[in-house]
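Q: when you get a sec, could you give me coordinates for this:
(chains A and B)
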There are 2 protein chains.
Amino acid sequence: MLTLNETLKDIRHRVDDMLDKLLPLPGGPEKQVVEAMRYATIGGGKALRPFLLVMTANMFGIPKENSIRLATALEMLHSYSLIHDDLPCMDNDDLRRGKPSCHKKFGEATAILAGNGLLIRAFEIMASEKTWIDPVVRCELIVSLANAAGFHGMIGGQMLDLLAQKDEVNMSLTEIVRLETMKTGRLLMFACDAGAILGNASFDERQCLKLYASNLGQAFQLTDDILDIEGAVEKVGKTLRKDVKANKATYVSLVGVDNAKLKAKELTQQAINALTPFGDKALPLKELALFILTRDH
Amino acid sequence: MLTLNETLKDIRHRVDDMLDKLLPLPGGPEKQVVEAMRYATIGGGKALRPFLLVMTANMFGIPKENSIRLATALEMLHSYSLIHDDLPCMDNDDLRRGKPSCHKKFGEATAILAGNGLLIRAFEIMASEKTWIDPVVRCELIVSLANAAGFHGMIGGQMLDLLAQKDEVNMSLTEIVRLETMKTGRLLMFACDAGAILGNASFDERQCLKLYASNLGQAFQLTDDILDIEGAVEKVGKTLRKDVKANKATYVSLVGVDNAKLKAKELTQQAINALTPFGDKALPLKELALFILTRDH
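A: Numbering: from 1, shown residues only, chains lettered A, B, ... in the order given. From the prediction side, this is the model:
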């Protein structure tokens, strides 16, 4: 039985192998864009979303060869959003996952193209029968991911975030939670739901997993905001004190660090409670929730 | 029987109605990104790609309600590429389809998000059973479009174009044709192939249609380059003399306008010849090829 840390590393490793396979360097000078796609994905981050997808699929007996392929597509989509969010006209961030962000390394144009390339490749992999044999399920997954990523989800959330930073929208606590659900929560919910869709889960099971992911997503965002204030840059691997510098309203800036920590604890407990129907099978998901609460990176 | 011009207008009108339906404005301040998506798609351009898709599908008896929906997704994908290509870090173009380009109107960040939103929405629509009942066909269309749009197609072509403009790659005639096939030709080929896939066309029929689209695409690019030199901005609706100003190697700059016109004629004839097996059913596609050869916009 692997520990949580070993499982996270194992999934990161498998996803990296799959990224290497699914993003081969083409010939010709245009290969630069694939170099940027590989730079922004392989070996980057904790692979939290792949973990959620693979571990949820595992609860329903789905073979790893399928869930890892789908998780790799999901990681591509997540990386596309990081590349574009870091651009000068967006959050203007030079550091990502402990190294120069994609546009610092390859230039803006290549970074934009690399993000687009990852987005397109993600959908292509999801539509392939190598990922899953049943085309009805493949289409359901694509529609579901598009919903999480589109203007009701991540894109709408990023738009709202930009408007809020320019003081064009005043953000209440409710609106901050809505923004963060769109920007981060929806994709975490998709990660769990994708495993459940592959596993032909019941409506009730899917609802429980979505509730878990929704609470986990909010707790994740809170600890992210707290790390932005209290974290060490060499551990977190991205620019810190951004929110304060940008005078950005976050949940933490409105209620204070201590209240935010209490709230994160409460959300983690709610996430864990939502897993009750699954018993011991959901142990990895429970451990992840506790890890997120106490993480320093 | 409608004339070519009436058919083009009819399809443009139907696609606009479908865009209006498929891109409803959400509530909340984040609606700005959907406004930009609508701005960049509705009423813009000749709808050449939708025409190719709908007319090819028509040859195989596919109902318009299906082909128009798929053509609308294709038009979204095409518009995404125009929005991103116009960005300051790409081709830096202020004018598109006779009005300010998307980033001039909404700012860079919103334009990037709008492009991404259109790309994601295109795949979502293609995966929906409202577009086509058979999920195997839907997945085949998605993989095929992703191939045309990805790093072997449009994205690779744009990367190569940027490198060529920075003189990082020396372009021979062969390489220019390869670049343009990637950047423009592949999506035109997809437009015809999508109609054929919907229509369950034979291998031979699909090959003929791809040959048509490939020749048409090259002729289209040549007339585009010639219009860049000889056209009137109020008709063409985009910035002209760009290639000369950017000192950009094009087929026309290498062989001269007169030779390029001869070549366009030859390609048009080859496109028309490829349609022979379809007889009169292919008349609209033939007319389009002749229209492209003599167009002034």
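Q: can you count the residues close to A:Leu53?
A: Residues near A:Leu53, counting by other Cβ atoms under 10 Å in any protein chain shown, number 31. Where you see a C-beta, it was placed from the backbone N, CA and C, and this is true even at glycine.
Q: an error on my part: the question was meant for A:Gly279.
A: By other Cβ under 10 Å, neighbour count at A:Gly279 equals 9.
Q: next: A:Leu173.
A: One way to gauge burial is a neighbour count; for A:Leu173, by other Cβ under 10 Å, it gives 11.
Q: what helix or strand is the residue lying closest to it once chain neighbours are set aside on?
A: Closest residue to A:Leu173 apart from its sequence neighbours, by Cβ to Cβ, 6 or more residues apart in numbering or on different chains: A:Leu254 at 5.8 Å. Taking DSSP states H and E as the definition, A:Leu254 sits inside helix A:251-255.
Q: any regions of the stretch 151-297 of chain A where pLDDT drops low?
A: Filtered on pLDDT under 70, the stretch 151-297 of chain A yields the residue ranges A:232-236, A:240-241, A:243-247.
Q: and the stretch 101-250 of chain A, which residues reach chain B?
A: Taking Cβ under 8 Å from any Cβ of the partner chain as the contact definition, the stretch 101-250 of chain A meets chain B at A:107-110, A:112-113, A:115-117, A:119-121, A:123-124, A:127-129, A:135-136, A:138-139, A:142-143, A:146-147, A:149-152, A:155-160, A:162-163, A:168-169, A:182.
Q: show me which of those are buried.
A: For these, burial is judged from neighbour counts taken by 16 or more other Cβ atoms under 10 Å in any protein chain shown, and it is met by A:107-110, A:112-113, A:115-117, A:119-121, A:123-124, A:127-128, A:135, A:138-139, A:142-143, A:146, A:149-152, A:155-160, A:162-163, A:169, A:182.
Q: look up how far A:Thr56 lies from A:His103.
A: Remark: distance between A:His103 and A:Thr56 (Cβ to Cβ, to the nearest Å) = 33 Å.
Q: more neighbours: which of those two?
A: Higher neighbour count among A:His103 and A:Thr56: A:Thr56, with 31 against 27, using other Cβ under 10 Å.
Q: what's the helix or strand for A:Lys248?
A: When the helices and strands are read off by DSSP H and E, none of them contains A:Lys248.
Q: without its sequence neighbours, what residue ends up closest to it?
A: Of all residues beyond its chain neighbours, the one nearest A:Lys248 is A:Gln165 (5.7 Å), with distances taken as Cβ to Cβ, 6+ apart.
Q: neighbours around the one you found, how many?
A: Under the neighbour criterion other Cβ under 10 Å, A:Gln165 is assigned a count of 17.
Q: same check, this time on A:Ser144
A: Taking other Cβ under 10 Å as the neighbour definition, A:Ser144 ends up with a count of 19.
Q: quick one: the strands in chain A, in order.
A: Taking DSSP state E as the criterion, chain A contains strands spanning A:95-96, A:99-100.
Q: so what touches stretch A:265-281?
A: Contact partners of stretch A:265-281, identified using Cβ atoms under 8 Å, 6 or more residues apart in numbering or on different chains, comprise A:59, A:204-205, A:208-209, A:211-213, A:215-216, A:218-219, A:222, A:282, A:285-286, A:289-290, A:292-293.
Q: which of the residues you listed count as buried?
A: Neighbour-count burial within the contacts of stretch A:265-281 applies to A:59, A:205, A:208-209, A:211-213, A:215-216, A:218-219, A:222, A:282, A:285-286, A:289, A:292-293; the criterion is 16+ other Cβ under 10 Å.
Q: mind listing which of those are in helices?
A: For the buried ones among the contacts of stretch A:265-281, the ones inside helices are A:59, A:205, A:208-209, A:211-213, A:215-216, A:218-219, A:222, A:285-286, A:289, A:292-293, with DSSP state H as the criterion.
Q: what separation is there between A:Gln32 and chain B?
A: Taking Cβ to the nearest Cβ, to the nearest Å as the measure, A:Gln32 falls 6 Å from chain B.
Q: neighbours around that residue, how many?
A: The burial count assigned to A:Gln32 is 22, neighbours taken as other Cβ under 10 Å.
Q: that one and A:Phe106 touch, don't they?
A: Yes - at 6.9 Å, A:Gln32 counts as touching A:Phe106 under the criterion of Cβ atoms under 8 Å.
Q: quick one: residues contacting A:Ala191.
A: With contacts taken as Cβ under 8 Å, 6+ apart, A:Ala191 has the following neighbours: A:49-50, A:52-53, A:56, A:71, A:74, A:213.
Q: apart from its chain neighbours, what residue comes closest to it?
A: A:Leu52 (3.8 Å).
Q: okay then, goodbye and thanks.
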